[in-house]
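Student: Predicted structure and sequence below. I'll ask about it afterward.
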Amino acid sequence: MPDRSPFWLADAVRPDFPILARRVGEWPLTYLDSGNTSQKPRQVVDAIAAQYLEHNANVARAMHLLGAEATEAFEGGRAKVASFIGGRPEEIVFTKNASEALNLAAHALGQHLKLGPADEVVTTVMEHHSNIVPWQLLCERTGATLRWFDVTESGRLDLAQAHADGLLNERTKIVTAAWVSNVLGTVNPVIELAARAHAVGAVFVLDASQGVPQLPTAVRDLGADLVAFTGHKMVGPTGIGVLWGRYDLLEKLPPFLGGGEMIEIVEMERSTFAPPPARFEAGTPPIAQAVGLGAAADYLSALGMDNVAAHERAITAYALERLNAIDGLRILGPNEIADRGGAIAFTLATPDGAEVHPHDLMQFLDSRGVAVRGGHHCARPLHKRFGVQSSTRASFYLYTTPDEIDRLADSLIYTRDFFTRGAA
Amino acid sequence: MSVEAMYQEIILDHYKAKHHAGLRDPYEAEVTHVNPSCGDEIMLRVHLDGDTVADVSYDAVGCSISQASTSVMSDLVIGKTVDEGMALAASFSEMMHSRGEIEPDEDVLEDAVAFVGVAKFPARVKCALLGWSAWKDAVAHALAAKES
């Protein structure tokens, strides 16, 4: 086989994503916000359309032909997702999104572990708000104490400091962390964190929202007890998230939301509940979304997650090189490619040292077709930790090309120079 | 309309050198307003002397639009009566919600007319309104405190 460009994957998949051919005025669209939500290939959209147009019915309770087809398609989606992450179908709980999966984990674990004032829950300062706030609420309800891992200046979890502080100890009942930071791109040492949590008898919950889309995933090797992620960041639809759990743990957890299909027998005084995953899926589930997510898993599997991860690495390395060459640009988090995912957050200053605010930067980039995210990216504590109010984030995926990185770099320089002129 | 045209020289001037910035005494009310979607934050104080807005002081972080708009707002309302200030706030709000389709009165809104272009970018309208919302809220608090 002839040598391929390190970016061959993007060229191969772009025809599947018609939206990427859009133009913004005179500029080609440059979509660098995949960490926010990924674009969807035709194969996923077609699968969703076919479900609605040819097989639509409710699942489980409808006993007719279409009901059987819909149930088969829905459960087929569950099986595909299970296989994609190396789990079993009965370990896959469908939720609305990753946030709901984490809220489910917090509620059910809090009740199961009978969390109280003597207990501690540990998260990290680099988390997305959805892996902070559910645990804050849990601690408020139970009187438990919320603690967190700090980060080093280079954007890695400060494990040494945590060890020195006795962060994990006999009071620790739950430890949670992101696999890949949505802001810094840091890939956390998940296996080590899980081992440390288990060593003190705590349950380890992983927010894999940015990990599953980018990295080959084998949940059992990660060591986590519960793993949350979402469909829309892995070329799947919005409206569906996943909580994977070790079945022996899921089996012990109480329900989170009550309603149809999560019960065995309902009396007016009390009810008994279905086994997992149905116990955690009250009401009509996201049926077409499960079908779409199954198609997304198929799509990524056919390309090979090793190839997806290799592309992410190559394009991120190229972006780091281009961005580091821009005067006034400061990257938050790891500046080298090792243990790093495809999101780069940065600040940009004019030669007089004044920051170009991310909202202004984003507006200029948008006018040149470059879509990035500006703000605190649902990680305000992390920004505070780094002494900045907000940042701009470019995030990449399997369809991102080096040309797009070049357009990002050129637009950043143009914007910096515009605001430099304003200062003169 | 181009983004370059939206960022008028007046806006950049106010952004680089904000008027009346910093928190000062005396004041009757202090409020904090945030724009959770982008993280812009403002703490703003109002000092009333009878019916007159004697001082507006603030500590704010945010984009050029929110910062410049707050600076222009402070220029406009200081020295005016509360009613005159509220009328200006209403005129400014009307301009910002016009999608850039009304001709603002420069005699009334002075430097604030520069923001008419921002009204064409719906996502940025609340940036321009942040300081004004904080000011109206602080005045309401100051008046309520005076009555009680």
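Tutor: Arrived safely.
Student: Could you check how many residues crowd around the closest residue to residue B:112 other than its chain neighbours?
Tutor: Among residues not flanking residue B:112 along the chain, residue B:72 sits closest, at 4.9 Å (CB to CB, 6 or more residues apart in numbering or on different chains). Glycine gets a C-beta too; all of them are placed from N, C-alpha and C. Neighbour count for residue B:72, taken as other CB atoms under 10 Å in any protein chain shown: 26.
Student: give the contact list for residue B:72.
Tutor: Residue B:72 makes contacts with B:10, B:14, B:19, B:110, B:111, B:112, B:114, B:115, as judged by CB atoms under 8 Å, 6 or more residues apart in numbering or on different chains.
Student: Just the CA trace of stretch A:68-87, in PDB.
Tutor: Extracted C-alpha coordinates of stretch A:68-87, given in PDB (Å, rounded to 0.1, in the frame of the first residue of the first chain):
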ATOM      1  CA  ALA A  68     -41.900  -5.900  17.400                       C
ATOM      2  CA  GLU A  69     -39.800  -4.200  14.700                       C
ATOM      3  CA  ALA A  70     -39.300  -1.100  16.800                       C
ATOM      4  CA  THR A  71     -38.300  -3.200  19.800                       C
ATOM      5  CA  GLU A  72     -35.900  -5.100  17.800                       C
ATOM      6  CA  ALA A  73     -34.300  -2.000  16.400                       C
ATOM      7  CA  PHE A  74     -34.200  -0.300  19.800                       C
ATOM      8  CA  GLU A  75     -32.600  -3.300  21.500                       C
ATOM      9  CA  GLY A  76     -30.300  -3.700  18.400                       C
ATOM     10  CA  GLY A  77     -29.100  -0.200  19.100                       C
ATOM     11  CA  ARG A  78     -28.400  -1.200  22.700                       C
ATOM     12  CA  ALA A  79     -26.400  -4.300  21.600                       C
ATOM     13  CA  LYS A  80     -24.300  -2.200  19.100                       C
ATOM     14  CA  VAL A  81     -23.500   0.400  21.800                       C
ATOM     15  CA  ALA A  82     -22.600  -2.400  24.200                       C
ATOM     16  CA  SER A  83     -20.300  -4.100  21.700                       C
ATOM     17  CA  PHE A  84     -18.700  -0.700  20.800                       C
ATOM     18  CA  ILE A  85     -17.500  -0.200  24.400                       C
ATOM     19  CA  GLY A  86     -16.900  -3.800  25.300                       C
ATOM     20  CA  GLY A  87     -19.900  -4.200  27.600                       C
END
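Student: buried ones in the stretch of helix or strand residue A:198 belongs to?
Tutor: Assigned by DSSP states H and E, residue A:198 belongs to helix A:190-199. Residues of helix A:190-199 classed as buried: A:190, A:193, A:194, A:196, A:197 (neighbour count, 16 or more other CB atoms under 10 Å in any protein chain shown).
Student: Send me the lowest-mean-pLDDT helix or strand in chain B as CSV with only the CA atoms.
Tutor: Using mean pLDDT, DSSP states H and E, helix B:3-6 stands out as the lowest-scoring helix or strand of chain B, at a mean of 86. The C-alpha trace of helix B:3-6 is given here as CSV (Å, rounded to 0.1, in the frame of the first residue of the first chain):
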residue,chain,number,x,y,z
VAL,B,3,-18.1,42.1,11.7
GLU,B,4,-15.5,44.7,11.2
ALA,B,5,-18.2,47.4,10.9
MET,B,6,-19.9,46.1,14.0
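Student: on contacts alone, who are the packing partners of whichever helix or strand comes after it?
Tutor: Going down the chain from helix B:3-6, the next helix or strand is helix B:9-16, by DSSP H and E. Helix B:9-16 sits against helix A:402-423, helix B:64-77, with contacts defined as 3 or more CB pairs under 8 Å, 6 or more residues apart in numbering or on different chains; DSSP states H and E.
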